[in-house]
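K.L.:
Here's a sequence, model it:
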Amino acid sequence: WYQRRVRVLNHDFRHTSEQSDLKSFTWTHHDGNKFGIQMLQDKGYVLETSFAKTNVMLQDWSARVKVRATGAAESPQAIHLYWYLGIEHSQSKVRISRIPTGFSVYGETAELGKFHMRYKTVNANVKVMHNAYNCGENVPLHLLTDYVKGKLKPIPYTGRGPVVTPIIVAFDPAATACSESSNIVIMQLTLPLPAEVEIVYENLNIERTATLEGAYFDELIKTYMDNFNQKFEDKFQLKAKGYNNEYVTFARSTFSNLIGGIGYFYGKSIVKSSEVEKPVYYWPSALYSAVPSRAFFPRGFLWDEGFHQLLISKWDNTISLEVIGHWLNLMNADGWIPREQILGNEALMKVPKEFVVQNADYANPPTMFLALDSMFNSMQPSEILDHHSTLKKVFHRLTLWYNWYNTTQIGPLPTTYRWRGRNGTTDRELNPKTLTSGLDDYPRATHPNDEEYHVDLRCWMAFASRSLTNLGDLLGINVDKYRETAEILSDNDLLKKLHWTGDYFADYGLHSEIVGLKDTRVGQNMVEKRRVVRKLPQPQFVKVQGYINLFPFILMILEPTSPELGHILSNLKSDSYIWSPYGLCSVGRSDSYYLKYNTQHDAPYWRGPIWININFLAIRALDHYSKVEGPHRDLSKQLYTELRRNVVQNMYREFSKTGFIWEQYNCQTGKGQSVHPFTGWSSLVVLIMGEQY
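P.N.:
Just a heads-up that it's a prediction; the model follows:
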C-alpha cells in the first residue's frame, strides 16, 4: 500500500515486512489454519487485515482489508492499495478484467485447477478514485517492489474525491495489456478513507451454496474468533489463573504472531563440508516452518524451531508434526540438517553474505527433542494411535540425526562433546564466537582447539538420549543402546568430574582469563581493534558466570538431591550473578565479559541481555524441581514464583509501551531491545503464563 499523492515515490511504499516501517503490526488472532486478524499502524492511519477459509476442503478463502485514518495531522485522505498475483509456472493461464468495484480474475494452474478471484470494494457505492493493473513478464518476485515503483508514474486525477493535489501516483490505466508470458499481475485501487476491500477466491472445480463475502464473511470471522478465544482459554487457562483482559490480549497476540508467522519456503541451500572443495547446492527443498521474526529473520532456524513447536504443539499437534516432518526431511544421508534455511531469492536478500553458506560439519542444539518430548508426555493413548505411523517415521529420522551428533560432535575425552566451527586463528574477536551452539558470542575458551569440551552440548545429548528412549518405549521399539547412553550422560558424578568448577558447571579448554581489545595500527592510516592476550592461556575451566553454568539444571540432568543443584539455586539470586527484576541475564553483571563488545563493531549479544528461551527452560526446571521430592523443593518453588512473575510482568509492560515482543530485554532496565517484533521463542511467555511445560 501507499498513501502519498506526490510525484516521487519514497520509503513510505509498503511491501515487505520491515521492523523500521510501521509503528506496530501484530496478529491479534490466528489459529494457524482457517482464519486470522491483523492490525497494522502506519503514519496517521490503521489497517486491519483478516482472512477466512470455508470448511469445504478449505479450498475457498477470502481476505478483507479495512483502512481508517486516526485523525492525526499526518492522516491521509486516500490510500493506494495493491494486490498482486504471482504465477510460477509457464503453463498457467490468467485473464483479468475491470468491474465497477475493482477487478475480476479467472485463472487456471496445474495444482489448483480453474479458479476465480475478485479484488473489489466491500461497499458497491464507494467511489473508486483510480483502478488500473499491470502485467509483468519474467519478473523475479523478490524484486517486485522495485518493479512496481518503476511502473508507477504521476497521473492527473480528474474524478471527484478528497484529494489535495490533481496528481496521484498510479499505474497508467492505458497500459493494461497482459500477454501469455506474463507471470505477475498487479492491481491497484485508489480509494478515499475510510476504505474497505475484499479479495474473494473460489475454486471453480467445486460447488458451493454461498460465496464467502459480505455478511457471510463477517459471520464466519465472528464464529472463528469466538471459537479461537474459547480454545485459547481451554488450552492455557489464563483467565482461570487470574490474568485480566489486558494480559490475555497480550498472550493471544503473542501466540497468534508465532503461529501466524508460519510460512512455506522452497529453494536450495548452499552447503560446504570437508568432503567437497567448494560450496555446492543442496537439493531443492520445501520447508513449512515458523520463523523468529517476520521482519528480520523471515526464514527457518533449526534450534529456534524446537522452541517454537513447544508452544504450537500445545495448540495443535498436527501442525507441529507437519513442521517437524518438514525439518527432518531436510536431513542428508549422514543425518545432518542445515541449521539456517535460506531457501529462495526472497530469503537470500535478508541474509548477510558471510552467513549464507551452511557447513555440513557443524551442528546446532537439537531442540526438536524438547518439542517432541513435550508432545509425547501430553499425548493421549488415542492420539498416539492416530499418529503412530508418523511417529515411527519421525523416530527413524531422529535416530539418524542423533547418531550424527554422537559421532561428529564428540570431544577429546569419553562422554565429552565439542561444538565445531570456532575460529582458532582470529585476533579480531575478544572471544571467538560459537554460532553453532546458538549462543553466538557467549564466552568460551579464548583459544579454540580440539581439546576443549562444552557442557551445554553434553547436556543436550543427555536430554536427546532420554527423549529418544522415551519415544522408543512409547512406540514399542527396542532402545536399549539409547537408554544406556542416557544413563551414562545423566550420571551426576561423571558430569561433576568433567565440568564442575567447585562453584558452577563450565566448559573446559585453552583459556586466558585476561584478554582485551586494543587499538592497533594495521595500515598507514588505519586503526582497528585487535585482541591482546595479557595472560598466557592454560588448559582450565572457563570461569564465566552465565547461562552455560545452568545447563545441567535447566535441562534437568541433575538429580533432585544433587548438592550441585542446591549450590546453583542458592547462588541464582546473588547480586553478582545473573538474577534481575526482569529475568535471568545471559552473563553475570560482575563478570569481565558483561556487556563487552566482541569486535570493534559487534555489540554484546549473549553477554548480558535477557533471552526468553533460556528463561523459559529455567522456569520449567524450577517447576519440575519444586514438584519432586528433594531438599531443594521449597527453594525451587520460591525461585519459580519470583522468576515467572518477573519475566511475565516485564514482557507485558514492554508490550504495552511499544506494541512489540522483543528479541531480548535489557538486564539493567528490562527494556525491550534488538529485533522486533520477535515472536519466535519469546512467545514462550504464553506457556510461562499458562504454566504449560
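K.L.:
going forward, measure contacts and count neighbours with C-alpha atoms only.
P.N.:
Will do.
K.L.:
Can you name the next helix or strand after the longest helix seen in the chain?
P.N.:
With DSSP state H setting the assignment, residue counts place helix 633-658 as the longest helix in the chain. Past helix 633-658, heading to the C-terminal end, the next element that is a helix or strand (DSSP states H and E) is strand 664-665.
K.L.:
so what does that following strand touch, helix or strand wise?
P.N.:
Other elements packing on strand 664-665 under the criterion 3 or more C-alpha pairs under 8 Å, 6 or more residues apart in numbering; DSSP states H and E are strand 672-673.
K.L.:
Run me through the strand neighbours of the strand it packs on, direction for each.
P.N.:
When pairs are called by DSSP bridges, strand 672-673 turns out to pair with strand 664-665 (antiparallel).
K.L.:
Count the neighbours of Glu246 for me.
P.N.:
Here the count is done by other C-alpha atoms under 10 Å, and Glu246 has 11 residues near it.
K.L.:
Would you agree it falls within a strand?
P.N.:
No - with DSSP: H, G, I helix; E, B strand; the rest coil as the criterion, Glu246 is helix rather than part of a strand.
K.L.:
Okay, buried residues for the longest helix of the chain please.
P.N.:
By neighbour count with 16 or more other C-alpha atoms under 10 Å, helix 633-658 contains the buried residues 633, 636-637, 639-640, 643-655, 658.
K.L.:
same deal with stretch 420-440?
P.N.:
When neighbours are counted by 16+ other C-alpha under 10 Å, the buried residues of stretch 420-440 are found to be 420-422, 427-439.
K.L.:
Contact partners for Tyr594?
P.N.:
Under the criterion of C-alpha atoms under 8 Å, 6 or more residues apart in numbering, the contact partners of Tyr594 comprise Val587, Gly588, Arg607, Gly608.
K.L.:
Could you do Gly325 as well?
P.N.:
With C-alpha under 8 Å, 6+ apart as the criterion, the residues that contact Gly325 are Val394.
K.L.:
any idea how far Lys393 is from it?
P.N.:
Noted for Gly325: a distance of 9 Å to Lys393, by C-alpha to C-alpha, to the nearest Å.
K.L.:
now swap in Gly583 and tell me
P.N.:
With distances defined as C-alpha to C-alpha, the gap from Gly583 to Lys393 amounts to 39 Å.
K.L.:
quick one: which of those two has more around it?
P.N.:
Neighbour count, other C-alpha under 10 Å: between Gly583 and Lys393, Gly583 has more, with 30 against 12.
K.L.:
What sits closest to the more buried one if chain neighbours are left out?
P.N.:
Once flanking residues are discounted, Gly583 sits nearest to Val647: 5.2 Å by C-alpha to C-alpha, 6 or more residues apart in numbering.
K.L.:
For that neighbour, list the residues it contacts.
P.N.:
If you count contacts by C-alpha under 8 Å, 6+ apart, then Val647 has Tyr582, Gly583, Asn615, Val685 around it.
K.L.:
give me the number of residues near the last one?
P.N.:
To tie it back to what came earlier, the one meant is Val685. Taking other C-alpha under 10 Å as the neighbour definition, Val685 ends up with a count of 26.
K.L.:
That one belongs to a strand?
P.N.:
No - counting by three-state DSSP, one finds Val685 to be helix, located in no strand.
K.L.:
That one against Leu617, yeah?
P.N.:
No - the pair Val685 and Leu617 fails to qualify as a contact (C-alpha atoms under 8 Å) at a distance of 11.2 Å.
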